[in-house]
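Asker: Structure for this input, please:
(one chain, ligands or ions: 1)
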Amino acid sequence: MTQQKPRRIAVIGRDGQLALALNRGLSEAGHEVIILSRPLVDLSCPNTVRDAIIASSPEIVVNAAAYTAVDKAEDEPDLARAVNADGAGAAAAAAAEIGAPIIHFSTDYVFDGSASRPYDENDPTGPLGVYGQSKLDGERMVSAANSRHVILRTAWVCSPDGTNFVKTMLRLAAERPRLRVVDDQRGSPTFADDLAAVVLQIIPRIGAQSATEHAFGIFHVASSGETTWCQFARAIMVGAQQRGAPHVPIDGITTADYPTKARRPAYSVLSTEKLRRVHGVRLPHWEAALSGCLDQLIGPIPLKPPTSLNDI
Ligand SMILES: NC(=O)c1ccc[n+]([C@@H]2O[C@H](COP(=O)([O-])OP(=O)(O)OC[C@H]3O[C@@H](n4cnc5c(N)ncnc54)[C@H](OP(=O)(O)O)[C@@H]3O)[C@@H](O)[C@H]2O)c1
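Answerer: You can find the predicted model right below:
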């Protein structure tokens with residue numbers, strides 16, 4: 001990892017997928033990381049967020065925490081909004097009070113999924129559920145409270161840590177003879193370590209008071225390539241098989257076959273062109289990132305012994 005000017009960075013969130021990757025990545029890069037997390041810092045209690053940010057006086061605030069239970073949010077709209085909108089807004093306002101920029105994360109679920117080409121940052125939003133709406137409200141509150149904001153909209157986050165689709169598929173493959181997975185929602189699986197690497201690249205560009213205006217704003221950040229949940233699940237099974245782990249056949253089903261409390265966008269591929277143009281950052285293809293994740297979860301693909309002298 002390239003050495004950067006060490007910064008004092010407050011990260012909201014400790015045990016989430018992104019928070020873990022970020023706190024690890026920032027520390028390894030030599031930054032001083034102040035972790036602000038529950039129970040002391042609770043986004044649903046804005047005063048705890050403000051007090052902690054003012055007291056720790058960071059140069060940069062990163063909000064890696066959120067209410068992420070997409071279906072449960074339909075039953076808890078007030079809590080989802082308190083955490084994702086009011087809490088995020090309070091973090092941005094406190095950062096502004098001490099002259100610090102904020103990096104905040106949002107979601108592809110701010111879109112309604114009716115597009116047929118990758119969404120860019122100027123496309124109209126139209127969340128289908130409470131979670132997406134609360135995150136969109138959060139974007140608005142963060143940008144209103146602190147002009148020095150970088151809002152990174154990402155998608156389908158996975159990691160060797162926490163709860164996510166990759167880990168769920170591996171667990172189910174060890175329990176069931178075959179699996180049914182939705183094959184009509186398209187997006188880009190994105191890995192927490194890659195998001196942490198993006199944050200590391202953006203920090204020097206926004207940390208200085210002289211940072212230019214165009215370094216701030218909303219940016220889409222997701223792996224290269226796109227897929228469906230079903231094709232993603234099949235790729236996970238191939239990776240599991242290559243590593244000698246349990247793997248099962250995957251049957252494609254439609255969204256209508258798998259009703260969920262919250263509606264999800266049928267298409268939420270994000271164009272990451274602006275991130276590349278402004279910050280010079282591009283994420284690896286999701287298949288390469290998945291392979292790295294499986295290496296960590298299961299182990300590397302074993303080398304095949306040569307079958308004849310010609311293979312050596
Ligand atoms: N997961 C996805 O597929 C996905 C997709 C698109 C965008 N995003 C966005 O990416 C970001 C990171 O998501 P993730 O996948 O890392 O989420 P995650 O694994 O579900 O972790 C959420 C984190 O938020 C913390 N948190 C929840 N409620 C809180 C509260 N009231 N006060 C303080 N902390 C609270 C949790 O803390 P505890 O450890 O105390 O529970 C946890 O550390 C979020 O902004 C999310 O909206 C995620």
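Asker: Tell me the bridge partners for the closest residue in space to N164 that isn't next to it in sequence.
Answerer: Using Cβ to Cβ, 6 or more residues apart in numbering and skipping the chain neighbours, the partner closest in space to N164 is C158 (4.3 Å). Backbone N, C-alpha and C define where each C-beta goes, glycine included. When bridges are called by DSSP bridges, C158 pairs up with F191.
Asker: what's near enough to touch C158?
Answerer: Contact analysis of C158 by Cβ atoms under 8 Å, 6 or more residues apart in numbering lists 17, 164-167, 189-192, 290, 293.
Asker: Within reach of the ligand, which of the residues you listed are there?
Answerer: Residues of the contacts of C158 in contact with the ligand (Cβ under 6 Å from any ligand atom): Q17.
Asker: can I get the contacts of C158 in JSON lines with neighbour count?
Answerer: Output for the contacts of C158, formatted as JSON lines (neighbours: other Cβ atoms under 10 Å):
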{"residue": "Q17", "neighbour count": "23"}
{"residue": "N164", "neighbour count": "18"}
{"residue": "F165", "neighbour count": "16"}
{"residue": "V166", "neighbour count": "23"}
{"residue": "K167", "neighbour count": "18"}
{"residue": "P189", "neighbour count": "25"}
{"residue": "T190", "neighbour count": "26"}
{"residue": "F191", "neighbour count": "27"}
{"residue": "A192", "neighbour count": "27"}
{"residue": "L290", "neighbour count": "22"}
{"residue": "C293", "neighbour count": "25"}
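Asker: can you confirm R234 is in a strand?
Answerer: No. Assignment of R234 by DSSP: H, G, I helix; E, B strand; the rest coil gives helix, placing it outside any strand.
Asker: can you tell me how far the residue nearest to it when sequence neighbours are not counted sits from D184?
Answerer: Among residues not flanking R234 along the chain, I250 sits closest, at 5.0 Å (Cβ to Cβ, 6+ apart). I250 is 14 Å from D184, where distance means Cβ to Cβ, to the nearest Å.
Asker: who's more crowded, these two?
Answerer: The residue with more neighbours, out of I250 and D184, is I250; 22 against 15, by other Cβ atoms under 10 Å.
Asker: need the contacts of C158 in a markdown table with pLDDT and secondary structure, can you?
Answerer: Below are the contacts of C158 laid out as a markdown table (pLDDT from 0 to 100; DSSP: H, G, I helix; E, B strand; the rest coil):
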| residue | pLDDT | secondary structure |
| --- | --- | --- |
| Q17 | 97 | helix |
| N164 | 96 | coil |
| F165 | 97 | helix |
| V166 | 98 | helix |
| K167 | 97 | helix |
| P189 | 97 | coil |
| T190 | 98 | strand |
| F191 | 98 | strand |
| A192 | 97 | helix |
| L290 | 98 | helix |
| C293 | 97 | helix |
